[in-house]
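Student: Need a 3D model of the sequence below.
(chains A and B)
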Amino acid sequence: MFGGTVVEAMALVLSGGGGERLSVLSAERAVSAVPFGGKYRIVDFVLSNCCHSGIEQVGLVTQHVPTSLHDHVGAGRPWDLDRKSRGLLILQPYQTRGQSGWYRGTADAIAQNWDAIEERRPERVIVLSGDHVYRMNYRALLQTHRDQRAELTLAVTRVAPDDSRRFGMVTIDRDGRLLNLIEKPERASTPYASMGIYVFEFEVLGELLRPRPVDLVLDVLRPMLQSGARAYVHEFSGYWEDVGTIGAYYRSSMELLAPDPRLVLHDSRWPILTRDEERPPVRVAASAAIDDSLVANGCRVAGTVRRSILFPGVTVEHGARIEDSVVMADSRIGRDARVERSILDKQVAVGASARIGTGEAPADPALEWLEGITLVGKDASIPDQTCIGRASVIGIGARPGDFASREIAPGTRTPNHSWFRELV
Amino acid sequence: MPRAALANRPPPGRRVTTSRYAFILAGGAGTRLCLLSERRAKPAVPFGGKYRIIDFTLSNCVNSGIFDVGVLTQYRPTSLNRHIGSGRPWDLDRTRGGIQILQPSLGAVNSDWYQGTADAIYRNLVHLRRRRVEQLLVLSGDHVYTMDYNELYEFHAASRALVTVAVTEVPESMTNQFGILTADASGRVIGFEEKPQLARSRLASMGVYLFDRDALIRWLMEDAERPGSSHDFGKDLLPVLVQRGEAVYAHHFRSYWQDVGTLDSYYDSNRALLSERPPIDLASHEWVIHTQSADRPPVRFENGSSIENSLIANGCRVGGQVTGSVLFPGVTVPRGAVVRDSIIMHETILGRGAVVDRAIVDKEVEIGEGAHVGAGDASTPNRACPQHLSSGLCVVGKGAHLPDGITIGRNARIGAYVTGAYFTSDVPAGGVVDGPESMH
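Tutor: Below is the predicted model:
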């Protein structure tokens, strides 16, 4: 107990996922660390929710290329999580004398860190995903949990019937008691989708983790329901999005540009907290034209920007044109270049008169996941006058040698490169 | 060797490590900045779309490797204290060293309000007692410039100066506003005149001094006793030192330096940041200007917005027309509103169809629908302060509420926190609307 207050809840933010889910955007960083919304990282939304909900104990569970995430989160200062006691705890996989401890699944990740969680003596554990974009007051969730005297409370949100195959769908009784959870059904008899947000009674979860389960849903939640545990749902009606696919990431980004976006970034009572970039104000030249866009500090715009999001430090040179795109920090769009319906990672250099995202997307089912969006990996350099066809994926660190000609056909994929290959 | 130096000699056998310490004078009232510094010290006046004036000096310190700083405050320090906080944005929240606010106090020997710049340092000499410094840097928190103080230290050591004064070249027409130095080829100062009518040189003191510690202590003690002294570095101390032939040297600083002392120079130096090659590169990665940043989303450019040649900070929403202007965080310019050649500070909101032309608008101002700030011709200077407000600029104080449809002529001054009730009619050119008296 610290300062006379009981630690009610400790949040565990699952941020271990990455790999191919967001293609080149998450190849070298956790999904949680992918930039979003013009200056944030995806994990900022959950950490800001914790901060504004009065949750001062946060464990960040990391596994997939966590460097970028660790770098961003640091000691947790922007979210007031840099505390003498409590505060932020990074829970990474570790080895013991007996075994190698890669996390085999969500439940395993928590089980392996149970000692560290136990030390903080929370009454409850809130399991969150670091890959979701939403603003939610967890106080209300905890209130539901207490009111129901639940052992487990699951946050749910209503989704359209067509979307049920993307979610774990939840059936409940009239009192909000959780009856069943079906993973990604083709058709569901219920509008409630699991948000992947769970409140557990600390003692209950501790017991359930003893047999070393792997997956939180399959090996913990299901058996709980079968044994008739007190499991309830808490309905959340605000904006919530899992941005773990390119399509969802792109759509959620573009939705921020609506006149009244569902995800409010401007609310001074609930600011989205992030690491400060220390950049000067946006510099808009006389030749610039900017419409329906979010442009962050440190950008310099001399060209045209429409329906796009520019992260800090992006330079748009004279005559360049960016439409329906997301351009991450410190990228440079050269003179008269054109970027359409693309996501450019950080530090991409687009040469003069180059074009990105031109032509028609090929009708190839293997490219469906791209939804016609063109991706350019971090630190790639697109030579002058080169055209990159729509639905191409340009690898991390691409260099002129990766481009066989000035016309890159739609749907082309170029390899990722290590930054240090040029040194040897 | 003076006794003070003996007392501070490190014990024998120990490596001599010296550190650096800077005093920043931040107590000035900045009266010529009119409304902008009426309720805040001049160093706390917002500048450049997201900074405060003192950010430049604080950033110079840390970028030069000086992480031990005392800030001397006196005039309305609340805004400044809030901005500096624990010094975190400048990495000055340190276990050893860091930033310390040195306000006037009672209780110690000689404690009182600071009488002049030299007096302010004199009353804070106690802070040198435990610091192992050989030189002492004295800076002003009022100036906009980027300077590596290491050059000053090197010059100081090379010329064996007891005090080095950083100087900058000013136009002949402005020499009567500065302390003007004449120096020989080696940089040794042979003449010093405070605000001369006829100057013999164009080298102006920047208010940046590097003193030999023991010499400074000696001189300040002398000055404190000198009858008739106003205890100011420029007016009192330096002329005496130069006259006596002490080792006073001038270090010529050749980059941009601006004392944003007047409304016109404030306006011009903000607008200079908009030029093709701005005098200060705010985007430099080598010399970052650190400041307290608010948590604000990126700038939102709405459909139909038209922006040219402007600096616009995070948190702004722009649906109207902005040209040649600097917008601080959180300013709203809705569709149909126009901002031309103006400086608009945090959280100010324009109504639909409002026009702001050549104005400096302080924080949290509300400009009513269809209101027009800066209308008509500029030939009538301000009624209350013609000497500061005659070039056509309008100034609107913090938190003012301008009613819908009102027209405000050029050179007008609208006080802080005025409301609709303060306006009986449109405000003519050069007009004055005073706000409520400040509570403190």
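
Student: contacts, neighbours, all on C-alpha from now
Tutor: Will do.

Student: dump the residue contacts of the residue minimising distance to the centre of chain B.
Tutor: In chain B, the C-alpha nearest the mean C-alpha coordinate belongs to B:D142, at 2.3 Å (Cα atoms, centre = their mean). Residues in contact with B:D142, defined by Cα atoms under 8 Å, 6 or more residues apart in numbering or on different chains, are B:A26, B:K42, B:P43, B:I53, B:I54, B:D259, B:V260, B:G261.

Student: Could you point out which residue ranges in the chain have low pLDDT?
Tutor: Let's take chain A. With pLDDT under 70 as the threshold, chain A has low-confidence stretches at A:1-6, A:100, A:421-424.

Student: my question was about chain B
Tutor: In the predicted model, chain B carries pLDDT under 70 at residues B:1-18, B:109-110, B:438-440.

Student: mind checking the longest helix of it?
Tutor: The residue-count maximum for a helix in chain B (DSSP state H) belongs to helix B:213-225.

Student: Which residues does it contact?
Tutor: Defining contact as Cα under 8 Å, 6+ apart, one finds that helix B:213-225 is touched by B:2, B:4-5, B:118-119, B:122, B:125, B:133-136, B:162, B:229, B:231, B:236-237.

Student: Now residue 138: phi and psi?
Tutor: Since no chain was named, I'll use chain A. The phi and psi torsions at A:Y138 (degrees, to the nearest 10) take the values phi -70, psi -10.

Student: Oops, wrong one, chain B.
Tutor: Backbone geometry at B:V138, expressed as degrees, to the nearest 10, gives phi -120, psi 120.

Student: Which parts of the stretch 151-300 of chain B are strands?
Tutor: Under the criterion DSSP state E, counting those that start in this stretch, strands of the stretch 151-300 of chain B are mapped to B:163-169, B:179-183, B:189-194, B:203-212, B:248-252, B:257-259, B:299-301.

Student: Derive a ChimeraX selection command for the buried subset of the contacts of helix B:213-225.
Tutor: In ChimeraX, this line selects whichever of those come out buried by 16 or more other Cα atoms under 10 Å in any protein chain shown:
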select /B:118,119,122,133,134,135,136,162,231,236,237
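
Student: Which of the three states applies to A:W369?
Tutor: helix (DSSP: H, G, I helix; E, B strand; the rest coil).

Student: Pull the number of nearby residues for it.
Tutor: The local packing count at A:W369 equals 14, with neighbours defined by other Cα atoms under 10 Å in any protein chain shown.

Student: likewise B:R94?
Tutor: 13.

Student: any idea how far B:L393 is from chain A?
Tutor: The gap separating B:L393 from chain A is 23 Å, by Cα to the nearest Cα, to the nearest Å.

Student: ok now do that residue, which residues does it touch?
Tutor: B:D264, B:R358, B:A359, B:I360, B:G374, B:R410, B:N411, B:A412.

Student: same thing with A:P261?
Tutor: A:P261 makes contact with A:E255 under the criterion Cα under 8 Å, 6+ apart.

Student: Which residue, other than its chain neighbours, is closest to residue 191?
Tutor: Since you didn't name a chain, this refers to chain A. Taking Cα to Cα, 6 or more residues apart in numbering or on different chains as the measure, A:P191 lies nearest to A:R158, with 5.1 Å between them; neighbours along the chain are not counted.

Student: wrong one, chain B
Tutor: Nearest in space to B:G191, with sequence neighbours left out and distances taken as Cα to Cα, 6+ apart, is B:T182 at 4.8 Å.

Student: Please report the distance of that neighbour from B:G207.
Tutor: Relative to B:G207, B:T182 is positioned 15 Å away (Cα to Cα, to the nearest Å).

Student: Which single residue of the stretch 301-424 of chain A ends up nearest chain B?
Tutor: The shortest separation between the stretch 301-424 of chain A and chain B is 8.0 Å, found at A:F311 (distances taken as Cα to the nearest Cα).

Student: B:T164 reaches B:L210, doesn't it?
Tutor: Yes: here B:T164 lies in contact with B:L210, judged by Cα atoms under 8 Å, at a distance of 5.1 Å.

Student: who does whatever helix or strand B:F23 lives in touch, helix- and strand-wise?
Tutor: Secondary-structure assignment from DSSP states H and E places B:F23 in strand B:22-25. Using 3 or more Cα pairs under 8 Å, 6 or more residues apart in numbering or on different chains; DSSP states H and E, the elements in contact with strand B:22-25 are strand B:68-72, strand B:135-140.

Student: Turn those strands into TSV, columns for distance to chain A.
Tutor: Conversion of those to TSV gives the following (distance: least, Cα to the nearest Cα, whole Å):
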stretch	distance to chain A
strand B:68-72	21
strand B:135-140	23
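
Student: The stretch 251-400 of chain B against chain A: which residues are in contact?
Tutor: Counting by Cα under 8 Å from any Cα of the partner chain, the positions of the stretch 251-400 of chain B adjacent to chain A are B:274, B:282-283, B:288-291, B:293, B:295-315, B:328.

Student: Which two among the contacts of helix B:213-225 are spaced furthest apart?
Tutor: Of all pairs drawn from the contacts of helix B:213-225, the greatest distance, 27.6 Å, lies between B:V133 and B:S229 (Cα to Cα).

Student: about what we covered before: of B:T164 and B:L210, who's got more company?
Tutor: Using other Cα under 10 Å as the criterion, B:T164 and B:L210 rank with B:T164 on top: 27 against 23.

Student: give me every residue that touches the more buried one.
Tutor: B:L152, B:H156, B:Y209, B:L210, B:F211, B:V248, B:Y249, B:A250, B:H251.

Student: nearest spatial neighbour of A:H417, skipping sequence neighbours?
Tutor: Counting by Cα to Cα, 6+ apart, A:H417 lies nearest to A:G397, which is 5.3 Å off, once chain neighbours are set aside.
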